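Enquirer: everything below, folded, please.
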Amino acid sequence: QERLSVKTGLAIMASDNISSSAYATEEAMRVLAFAGLAALTLTMPIAIAVCVVLAVVVLSESRVIRAYPNGGGSYIVASQNLGMFPGLVAAAALLTDYILTVAVSVAAGTAALASAIPSLDRFTVPISVTFIVIIAFTLSQTGMVRRWLRLRSRGWLVSAAINALGAFATGVVAIVVGIGKFELGAWMVVAIIPVLVAMLYGINRHYRVIGDKLLIATSVPVRLRAATPRVIVPISRIDRPSLNAVSIAKGLGGDIYAVHISFDADGAKAFKRRWAAVVGDAIPLDTIISPYRALLPPLLRYIDAVDRGDPERPIIVVLAEFVPRHWWEALLHNQTALLLKLRLFTRRNTSVMDVPYHLDDADAGDDRRR
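Expert: Sure, this is the predicted structure:
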């Protein structure tokens, strides 16, 4: 949790409310102006009606705060008390509101500039945002009514009546505005919200399915068995990072396969002689000749061949990578290892182990030898 200052909190939380108030005032005055100067006398009654609705909303929301002191938005309240789909509708309404509020703010700013500079009028994009937050609030208040009727805690009857009034008032506003402004932009909400609900439901279902498959029942004992791996260490050249990776691979246990890809037979023989002189015969080295200088395909075929020998045992591919002193130097190295990791990520029964080697370690080793 993070406590916000009043200045920061207003900038984050109140921008939607302030912008909605500004747009509502402008639209009300514009409609009254079209009806004639006499209709402008209705400005005060309309303002009073807006204040009454605002008071109902504030009073209703206070009950939500009391019931959810740690935070209870429209999605949480609707989901817990009305079910998953009403909660998704509330979430979709809020997402649509966040998107269209930015669009309307930009369009309103452009319209303001166009009123000052008429030559910019042809660049304005009229768009109407209507009853989106209202939908979420109506669902939230309806959920609170269900909550009070279910719990019947102290003062539940008064709280249920207040939330029912809030749900009724905002529901009426949503219906009236939705019908009245349908051709002016409310149709977008009607079209977008079902799409968002379907998308959110699909995401929710995906997480539930994955969670069910990964879950272990607490009543079922789990028998763990040791799995002896087969360890494959690709060796591009015999240097400190490679030997460091081989040392760590020996500590993992199991069978160790060191493999080198050469571009011709002479290079493979020379590399084997160098390996025998430095490492010895404790770890055998397999060489693969790739005349077309391909690295990943022959290495992947080699891993497949090792896997076919005993498919029940896991495979660990140990990759040696050195860490440059500067971040921008990393762009010049380790790209082959990155590509190999991406290819092996989706391969079954295969794990990848990175063995980083810092250049500072090499400098320290030289200092100790001196």
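
Enquirer: name the helices or strands packed onto the helix or strand where A47 lies?
Expert: Assessed by DSSP states H and E, A47 sits inside helix 43-67. The criterion is 3 or more C-beta pairs under 8 Å, 6 or more residues apart in numbering; DSSP states H and E, and the helices and strands that helix 43-67 contacts are helix 15-35, helix 132-151, helix 156-180. No exception for glycine: its C-beta is placed from N, CA and C like everyone else's.

Enquirer: show me which residues of whichever helix or strand comes after it are buried.
Expert: Next helix or strand after helix 43-67 toward the C-terminus (DSSP H and E): helix 74-82. Along helix 74-82, these residues count as buried under the neighbour rule (16 or more other C-beta atoms under 10 Å): S74, Y75, I76, V77, A78, S79, N81, L82.

Enquirer: how much space between the last one and I76?
Expert: Distance, L82 to I76, by C-beta to C-beta, to the nearest Å: 11 Å.

Enquirer: run the chain-centre distance for the helix holding A47.
Expert: On the basis of C-alpha atoms, centre = their mean, to the nearest Å, helix 43-67 sits 35 Å off its chain's mean C-alpha point.

Enquirer: average pLDDT for it?
Expert: Mean per-residue pLDDT for helix 43-67: 81.

Enquirer: for stretch 139-155, same thing?
Expert: Stretch 139-155 comes out at a mean pLDDT of 89.

Enquirer: now do the helix or strand containing L339, average pLDDT.
Expert: Here L339 is covered by helix 335-345, with elements defined by DSSP H and E. Averaging pLDDT along helix 335-345 gives 89.

Enquirer: after that helix, heading C-terminal, what element do we hit next?
Expert: Helices and strands here follow DSSP H and E; after helix 335-345, the next one along the chain is strand 350-358.

Enquirer: please identify the buried residues of that next one?
Expert: Neighbour-count burial for strand 350-358 flags T350, V352, V355, Y357 (criterion: 16+ other C-beta under 10 Å).

Enquirer: partners of it, with directions?
Expert: Each strand that strand 350-358 pairs with, and the sense of that pairing, follows from DSSP bridges: strand 315-323 (parallel).

Enquirer: just the angle between the partner strand and helix 335-345, please?
Expert: Between the direction of strand 315-323 and that of helix 335-345, the angle (axes from the mean of the first three to the mean of the last three C-alpha atoms, to 10 degrees) works out to 150 degrees.

Enquirer: now do strand 315-323: distance to the chain's middle.
Expert: Offset of strand 315-323 from its chain centre (C-alpha atoms, centre = their mean): 29 Å.

Enquirer: let the chain start at 16 from now.
Expert: Sure, I'll start numbering at 16, so the last one becomes strand 330-338.

Enquirer: so what touches that strand?
Expert: Residues lying outside strand 330-338 but in contact with it, judged by C-beta atoms under 8 Å, 6 or more residues apart in numbering, are 244-250, 256-257, 259-261, 263-264, 267, 269, 318, 321-322, 345, 348-349, 352, 355-356, 359, 364-374.

Enquirer: that older thread, ok and the helix holding A62 relative to helix 171-195, angle-wise?
Expert: Counting by the same axes, to 10 degrees, helix 58-82 points 130 degrees away from the direction of helix 171-195.

Enquirer: which of the three states applies to E327?
Expert: Each residue gets one of three states, and E327 gets coil by DSSP: H, G, I helix; E, B strand; the rest coil.

Enquirer: separation between the closest residue to F197 other than its chain neighbours and M59?
Expert: With sequence-adjacent residues excluded and distances taken as C-beta to C-beta, 6 or more residues apart in numbering, F197 is closest to V205, at 7.6 Å. Plainly put, V205 is 33 Å away from M59 if you go by C-beta to C-beta.

Enquirer: over to R45?
Expert: Counting by C-beta to C-beta, the separation of R45 from M59 is 17 Å.

Enquirer: and the helix holding A62, which residues are buried?
Expert: By neighbour count on 16+ other C-beta under 10 Å, the buried set for helix 58-82 is V68, V71, V72, S75, E76, R78, V79, A82.

Enquirer: and the residue nearest to S366 when sequence neighbours are not counted, what pLDDT?
Expert: Nearest residue to S366 in three dimensions, chain neighbours excluded: I331, at 5.0 Å (C-beta to C-beta, 6+ apart). If you check I331, the pLDDT there is 95.
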